[in-house]
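Asker: Provided below are the primary sequence and the corresponding predicted coordinates.
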Amino acid sequence: MSLLNQRLRELAAVKRELAERDWFPGTSGNLAIKVKTEPLSFLVTSSGKDKRIETDEDFLLVDQNGAALEETKLKPSAETLLHVEIYNRTNAGCSLHVHTVDNNVISELYGDDGGVTFKGQEIIKAFGLWEEDAEWHIPIIENAAHIPDLAADFGKYVNGNSGAVLIRNHGITVWGKDAFEAKKVLEACEFLFSYHLKVLSLKQAKSLTLRA
Ligand SMILES: CSC[C@@H](O)[C@@H](O)C(=O)COP(=O)(O)O
Ligand SMILES: [Zn+2]
């Protein structure tokens, strides 16, 4: 199998799994996987599609500027430039972007702080942090409708071959050395968000019950 087909299959498998989790509401989300480094080429989801549906037009190959490498009627994801930032700044092999209610709520709760830090959770080991008191910090940037501006701001927080950035009231973008690692980072982030929101609301309910 050609490298391109191999990467296509890997990305399609990730897309299927994230769709099963219902992480592509309202056509949101975009996924990318690197095919070649020099010159850069990567597969990215085509724009505006319902990513829960599988078709022959789900992905297209783009270059280091996010422009289509082949003659096609498909449009690369509107947020391709964010994936470009990742591949130009790191050795990551896969990058994933999803909108979930949990990641949006966390981004709004901690947006004014510019980031959110998690600690004391076993799942932090999924980020490769094995120490007892390890902390996982996720920067939060403001959303911007103008994608080149958003990508420039996003790029400031892209360092290391694996990571995550929250975009306020928009979603999360994660990356890792390959599809397996990127998906692991995404799942661990969403686990932390869901846990954190549940604990916050139950603690509040508990304190209200004790006061009553
Ligand atoms: C309806 S989702 C809004 C989109 O602008 C965007 O944020 C998104 O995640 C999906 O855009 P796409 O161009 O399909 O990759
Ligand atoms: Zn988005």
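Answerer: Yes, it's here. Ligands and ions are numbered 1, 2, ... in the order given.
Asker: just how off-centre is stretch 84-93 within its chain?
Answerer: 13 Å (Cα atoms, centre = their mean, to the nearest Å).
Asker: With just CA atoms, put it into CSV.
Answerer: Extracted C-alpha coordinates of stretch 84-93, given in CSV (Å, rounded to 0.1, in the frame of the first residue of the first chain):
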residue,chain,number,x,y,z
VAL,A,84,-0.1,24.1,8.9
GLU,A,85,1.2,25.8,12.0
ILE,A,86,1.6,22.5,13.8
TYR,A,87,3.5,20.7,10.9
ASN,A,88,5.7,23.7,10.3
ARG,A,89,6.6,24.1,14.0
THR,A,90,6.9,20.5,15.3
ASN,A,91,7.5,17.0,14.1
ALA,A,92,3.9,16.0,14.8
GLY,A,93,2.4,13.6,12.4
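Asker: Packing partners of the helix ranked longest in the chain?
Answerer: Counting by DSSP state H, the longest helix found in the chain is helix 179-211. Helices and strands touching helix 179-211, by 3 or more Cβ pairs under 8 Å, 6 or more residues apart in numbering; DSSP states H and E, are helix 3-20, strand 94-98, helix 101-110, strand 163-167, strand 171-176. Backbone N, C-alpha and C define where each C-beta goes, glycine included.
Asker: tell me the mean pLDDT for it?
Answerer: Averaging pLDDT along helix 179-211 gives 94.
Asker: Disregarding flanking residues, what is the spatial nearest neighbour of the residue nearest the centre of the chain?
Answerer: In the chain, the residue lying closest to the centroid (Cα atoms, centre = their mean) is Thr173, at 2.6 Å. Nearest non-adjacent residue to Thr173, counting by Cβ to Cβ, 6 or more residues apart in numbering: His97, 4.4 Å away.
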